[in-house]
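# Need coordinates for the following:
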Amino acid sequence: MPEPEKKRDPNQPLPKDGPKKASFGVRLLKMLILGVFLLVVGTMTAYSREIGSWPWSWQQNDWQGYLFFVKLKAQDVQDRVEAIDWDHVKTTITGKTKQLWSDAPGVVEKIERKLGVKKDAPAQPGAPPQTPPGELGPEHKLALEAMREGITHYRKSPDDPAEVAAAKKKFEEASSHFEKALKETNDDKAKADIAQELSDCNKYLEDCRAREKP
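The predicted model follows:
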């Protein structure tokens, strides 16, 4: 005889059909992780092409350069998304400030090439061989690193007075190192390069000092 059908206990919850669906929060977390992963891969690929070597062969300077590269890219994206309205910024702005602000990415690129963080693109076939950058003295290297940090703050300074002060401090530090670097080399070409870098640094420093005045 067939067994009698068991009646469902009305006090028990109804069974759920099929596998449980992931919550919206879990799906969002997975999407964020994927987005971060793709962003890291994309920036590492772009930086690898710029310096001519892949991440598995990077040295300490390359990793430091990558982190700074990501920082600059983030700043560039922010600048594009939040286009600076020069007529409504929160700090004192002059025509000189606008020019220095626009020139800053190019100055950083030159600094990174001298520091060895960013390498030159491979020469085209038939082109004359590129002259490798000379070895930097300790003070010269410190000066370039400080100036690079100063420019990072300077690029954020139009809408943040605190960034003007931070940039001024780094430019003062860089200027002092540049002056010492002039004394640590006897090479005329190196002295000329350092003197030009000191002049460029002081332009940013003077602008920061002028913008700090009430």
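# Averaged pLDDT, the strand or helix carrying residue 27. What do you get?
Here residue 27 sits within helix 24-51, counting by DSSP states H and E. The predicted model assigns helix 24-51 a mean pLDDT of 70.
# How about stretch 184-197?
91.
# That one: which residues count as buried?
Using 16 or more other Cβ atoms under 10 Å as the test for burial, stretch 184-197 gives 185, 190, 193-194, 197. Every C-beta, even on glycine, is put in place using the N, C-alpha and C of the backbone.
# Just to be sure, which of those residues are found in helices?
190, 193-194, 197 (DSSP state H).
# Spell out the residue ranges of the helices in this protein.
Under the criterion DSSP H, the chain contains helices at 24-51, 60-81, 95-115, 138-156, 161-183, 188-212.
# now the third one against helix 188-212, angle please.
In other words, helix 95-115. On the basis of axes from the mean of the first three to the mean of the last three Cα atoms, to 10 degrees, helix 95-115 is oriented at 140 degrees to helix 188-212.
# Remind me what helix 95-115 packs against, helices and strands.
Contact here means 3 or more Cβ pairs under 8 Å, 6 or more residues apart in numbering; DSSP states H and E; on that basis helix 95-115 packs against helix 60-81, helix 138-156, helix 188-212.
# and these, which is most packed in?
Greatest average neighbour count among the helices and strands packed on helix 95-115 goes to helix 138-156 (a mean of 21), per mean count of other Cβ atoms under 10 Å.
# pLDDT on it, on average?
Per-region confidence: helix 138-156 scores 94 on mean pLDDT.
# Output that helix as PDB - backbone C-alpha positions only.
As requested, the backbone C-alpha atoms of helix 138-156 are provided in PDB (Å, rounded to 0.1, in the frame of the first residue of the first chain):
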ATOM      1  CA  PRO A 138      73.100  63.000  -4.100                       C
ATOM      2  CA  GLU A 139      72.000  66.700  -3.700                       C
ATOM      3  CA  HIS A 140      70.800  66.900  -7.300                       C
ATOM      4  CA  LYS A 141      68.700  63.800  -6.900                       C
ATOM      5  CA  LEU A 142      67.200  65.100  -3.700                       C
ATOM      6  CA  ALA A 143      66.500  68.400  -5.400                       C
ATOM      7  CA  LEU A 144      64.600  66.800  -8.300                       C
ATOM      8  CA  GLU A 145      62.600  64.500  -6.000                       C
ATOM      9  CA  ALA A 146      61.500  67.500  -3.800                       C
ATOM     10  CA  MET A 147      60.700  69.600  -6.900                       C
ATOM     11  CA  ARG A 148      58.600  66.800  -8.300                       C
ATOM     12  CA  GLU A 149      56.600  66.600  -5.000                       C
ATOM     13  CA  GLY A 150      56.200  70.300  -5.000                       C
ATOM     14  CA  ILE A 151      54.700  70.300  -8.500                       C
ATOM     15  CA  THR A 152      52.200  67.600  -7.400                       C
ATOM     16  CA  HIS A 153      51.000  69.900  -4.600                       C
ATOM     17  CA  TYR A 154      51.100  72.900  -7.000                       C
ATOM     18  CA  ARG A 155      48.700  71.200  -9.400                       C
ATOM     19  CA  LYS A 156      46.200  70.900  -6.600                       C
END
